[in-house]
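# Build me a structure from this.
(one chain, ligands or ions: 2)
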Amino acid sequence: MASSPKYLTGDKAAINEFLDKFDVFLFDCDGVLWSGDHLFEGTVETLELLRSRGKQVVFVTNNSTKSRADYKKKLESMGIPATVDEVFGSSYSAAIYISRIIKPQPPRNKVFVLGEAGVEAELESENISYIGGTDPSLRRDITPEDFKAIASGEALDPAVGYVLAGLDFHVNYLKLSIAFQYLRRGAKFLATNVDSTLPNAGSLFIGAGGISAPLIRAMGGEEPIAFGKPNQSMMDAIEGKFRFDRSRACMVGDRLDTDIKFGIEGRLGGTLCVLTGVSKREDWEAENPAAVPAAYVDTLGDLRVAA
Ligand SMILES: O=C(O)[C@H](O)[C@H](O)COP(=O)(O)O
Ligand SMILES: [Mg+2]
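Ligands and ions are numbered 1, 2, ... in the order given. This is a model prediction of the structure:
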């Protein structure tokens, strides 16, 4: 039974003791740094404080709508210096897994994307060919002709061997129907991540899991392989890049079943839950919680008092 998490907010000594245990901080983004375009107060100062103490900061997000380069721009636009190498997104995790582990071979080496530009950019960065995604010709209602063309295969690309589902703000029945047809014809079912909800504008919205859910239902319950947190292939990739001692690393997140579970299953030295996003105290105090953090704060900015 996991010991109950330590509450750090307002306790300068406890915060310093906690921070001194780690050299590397893996930071979740949505619900920790910001909620959509709203940057939480104290985020910039907290990251500056950690970096001024020589801590390595890595941004680890399941949000596949943006590429690492897009996140570098977003972070900088909010006053947070960052390099592309310091960003790990689920779209990048999916792209490197497909290109370096799956290694798609002709004749069925293409990916049908349900997702935004971030997925496309990361697939391109790994030279993986894809269709679908932000293709404007698919942003429309399905027609009787579409049903026939999809059923006959006329509307399908025979080179598609994979369906990759991520957070898609333009999902519709036409795209889901095409994806379903590819799966019925043997394409492998992949997902960048399957988070049930997305924190934005201080509230919760349908997450990436809500995009693959109709396909899971239609496929009789077949689940996709998902590459984002808590999948450990992402942790292995991050460790491979930063070569850190896991016992000196801490995962900071707002979600028990992705971030905190990721840190615990990754055998990191610590996990810190921030209560500005999805999970609340009641969630880890409930029966059989998805994961229990080592410590928690009300907001990330609470760590500033350490200075
Ligand atoms: O639906 C989603 O994709 C997630 O809610 C979103 O990606 C979470 O991003 P993160 O908190 O991992 O930065
Ligand atoms: Mg989050």
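# how deep is the closest residue to ligand 1 within the stretch 101-250 of the chain tucked in, by neighbour count?
Nearest residue of the stretch 101-250 of the chain to ligand 1: Gly207, at 2.9 Å (Cβ to the nearest ligand atom). The way it works is simple: take the backbone N, C-alpha and C, and place the C-beta from them, glycine included. Gly207 has 22 neighbours, counted by other Cβ atoms under 10 Å.
# wait, what's in contact with it?
Leu167, Asn193, Val194, Asp195, Ser196, Thr197, Leu198 (Cβ atoms under 8 Å, 6 or more residues apart in numbering).
# For Thr197, see how far away it is.
5 Å (Cβ to Cβ, to the nearest Å).
# if we can go back for a sec, just the buried ones out of the contacts of Gly207, please.
With burial judged by 16 or more other Cβ atoms under 10 Å, the buried subset of the contacts of Gly207 is Leu167, Asn193, Val194, Asp195, Thr197, Leu198.
# For Asn193, see how far away whatever residue of the stretch 201-307 of the chain ends up closest to ligand 2 is.
Among the residues of the stretch 201-307 of the chain, Asp254 lies closest to ligand 2, at 4.3 Å counting by Cβ to the ion. Look at Asp254 and Asn193: by Cβ to Cβ, they are 14 Å apart.
# before we move on, what about Leu183?
18 Å.
# Could you report the neighbour count for Glu282?
Residues near Glu282, counting by other Cβ under 10 Å: 8.
# Same check on Tyr162?
That count, for Tyr162 with other Cβ under 10 Å as the rule, works out to 23.
# what are the bridge partners for it, then?
Val111, Lys188 (DSSP bridges).
# right, and it touches Val113 too?
No - with contact defined as Cβ atoms under 8 Å, Tyr162 does not reach Val113; the gap is 9.3 Å.
# Skip the chain neighbours and tell me the closest residue to the residue of the stretch 101-250 of the chain closest to ligand 1.
Asp195 (3.9 Å; Cβ to Cβ, 6 or more residues apart in numbering).
# give the contact list for the one you found.
The contact partners of Asp195, taken as Cβ under 8 Å, 6+ apart, are Asn62, Gly207, Ala208, Gly209, Gly228, Arg255, Thr258.
# how near is the last one to ligand 1?
For Thr258, the distance to ligand 1 (Cβ to the nearest ligand atom, to the nearest Å) stands at 6 Å.
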